[in-house]
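**Q** one predicted model, sequence on top.
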Amino acid sequence: MKPVSKFIKLFGAGALALGGLFASGAIQAQEKYPSRPIEIIVPWGPGGGADQLARKVGKIMEDSMKVSFPVVNAPGATGSTGMTKLLVGQPDGHAISVFIADTHALQVTGNTKWKSGTDFKPLAIMLQQPSAIFVPNDSRFKTWADFEKEAKANPGKLKVAVLGLGSIDDVTLRYLGTKGIKTNAVPFSNPGERYVSILGGHADALYEQAGDVRQMLDNKQMRPLLIFANERVPEFKDIPVSKELGYNVTLPQFRSLIIKAGTPPERVKLLADAIAKAAASPEYKSFLKDSYADPNSYLGPAEAEKFLQHELDAMSALVTSLGK
């Protein structure tokens, strides 16, 4: 083949390839969105608070988005497994994820390869609620003072079921340890197993949110000893809160919805608007009430980004104060 002929052939092939790319880009740009179901990744097993949130919001959003929102559970590593699933996918808006305080804490307590604001963006804060220490209804610990006394007398003996190491559960127990209340954190990544761990005697206490175990509270299977909050919770007015006992720790649980960074802005806005509409619905407000959550939990994308940074700063300050 002559050099000129070879050049023309190569140029022609390149032009065709470029033309194909431009055509593909144009088709993608004009593609109707959403064109298929939008996955909601839940970085935990079925049945927990994050799972409940995903299914509730997905169900409400189906009407406005005209597609289904299948929930994909990807438990493991305090939420990191689910984060990986979201971040290795395409930034096309067909996958979002539940992101909670425990996974957020890993940016301080762990060695994450991802960062909020850089690798993913918040679509909304959907739920804010305090955490608590629960025991079985027939527990020998009638009050928090009983639990505190035994924990101080037998450091590390009492087992507390937590979501995972490096989580806000774990950090809170480490803080209590600095006050002489040394316990043994036992991680259960499966929500169902964690909830029943205290009923089966596999743990002495449970660190959880009241809304997640509401059925067990209503059935008188467990009860709270201490709530991590600044003021007493109306539904549990007889239960002390951390602030009044001199424990400078609250670390409220939050649950948000996030999307991979780089997703087209118009798709992000469409999703965020649909989520805002869902959060304002009577059905979702009822869900917040049943979860013992703040009725004003919802924050839009801009406010959510500031909220995440504030919580990260608070977590960092607390962990630094623990000397770890």
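**A** That came in fine, so what should we check first?

**Q** can we go C-alpha only for contacts and neighbour counts from here?
**A** Will do.

**Q** what helix or strand is Y195 on?
**A** helix 191-196 (DSSP states H and E).

**Q** and K149, by the same measure?
**A** helix 144-153.

**Q** list the buried residues in that helix.
**A** 144, 147-148, 150-152 (16 or more other C-alpha atoms under 10 Å).

**Q** elements contacting the helix or strand containing P122?
**A** Element membership for P122 (DSSP H and E) is strand 120-129. Contacts defined by 3 or more C-alpha pairs under 8 Å, 6 or more residues apart in numbering; DSSP states H and E place strand 120-129 against strand 253-260, helix 265-279, helix 301-321.

**Q** go through those and name the closest to G110.
**A** Closest of those to G110 is helix 301-321, at 11.3 Å (criterion: C-alpha to C-alpha).

**Q** got the buried residues for the closest one?
**A** 301, 304-305, 308, 311-312, 315-316, 318-319.

**Q** of all these, which comes closest to P234?
**A** Using C-alpha to C-alpha, the buried residues of helix 301-321 come closest to P234 at E311, 24.3 Å.

**Q** ok, the closest one to I181 distance?
**A** 25 Å (C-alpha to C-alpha, to the nearest Å).

**Q** bridging residues for the residue positioned nearest the centre of the chain?
**A** Nearest residue to the geometric centre of the chain (C-alpha atoms, centre = their mean): I100, 1.8 Å. Per DSSP bridges, the residues bridged to I100 are R255.

**Q** tell me the contacts of it?
**A** I100 is in contact with 50, 253-256, counting by C-alpha atoms under 8 Å, 6 or more residues apart in numbering.

**Q** repeat that for 10 Å
**A** Applying C-alpha atoms under 10 Å, 6 or more residues apart in numbering to I100 gives the contacts 42-43, 49-50, 78-79, 125-128, 167-168, 253-258.

**Q** equivalent analysis for I198, please.
**A** 134-137, 139, 159-161, 204-206, 221-222.

**Q** try it again at 7 Å.
**A** Shown in contact with I198 (C-alpha atoms under 7 Å, 6 or more residues apart in numbering): 135-136, 204-206.

**Q** which SS state does it fall under?
**A** coil (DSSP: H, G, I helix; E, B strand; the rest coil).

**Q** low-confidence ranges in the protein?
**A** Where the chain drops to pLDDT under 70, the residues are 1-30, 324.

**Q** okay, now the domains of it?
**A** Using automatic domain parsing, the domain parsing of the chain gives 39-128+252-321, 131-245.

**Q** how many neighbours does I125 have?
**A** 27 (other C-alpha atoms under 10 Å).

**Q** if you drop the residues flanking it in sequence, what lies closest to it?
**A** S256 (4.2 Å; C-alpha to C-alpha, 6 or more residues apart in numbering).

**Q** quick one: contacts for that neighbour?
**A** 98-100, 124-127.

**Q** was I right about I125 contacting Q253?
**A** No: the criterion here is C-alpha atoms under 7 Å, and I125 misses it with Q253 at 10.9 Å.

**Q** before we move on, the earlier item: please compute how far the helix or strand following the helix holding K149 lies from its chain's middle.
**A** The helix or strand immediately downstream of helix 144-153 is strand 159-162, counting by DSSP H and E. Taking C-alpha atoms, centre = their mean, to the nearest Å, one finds the center of strand 159-162 at 19 Å from the center of the full chain.
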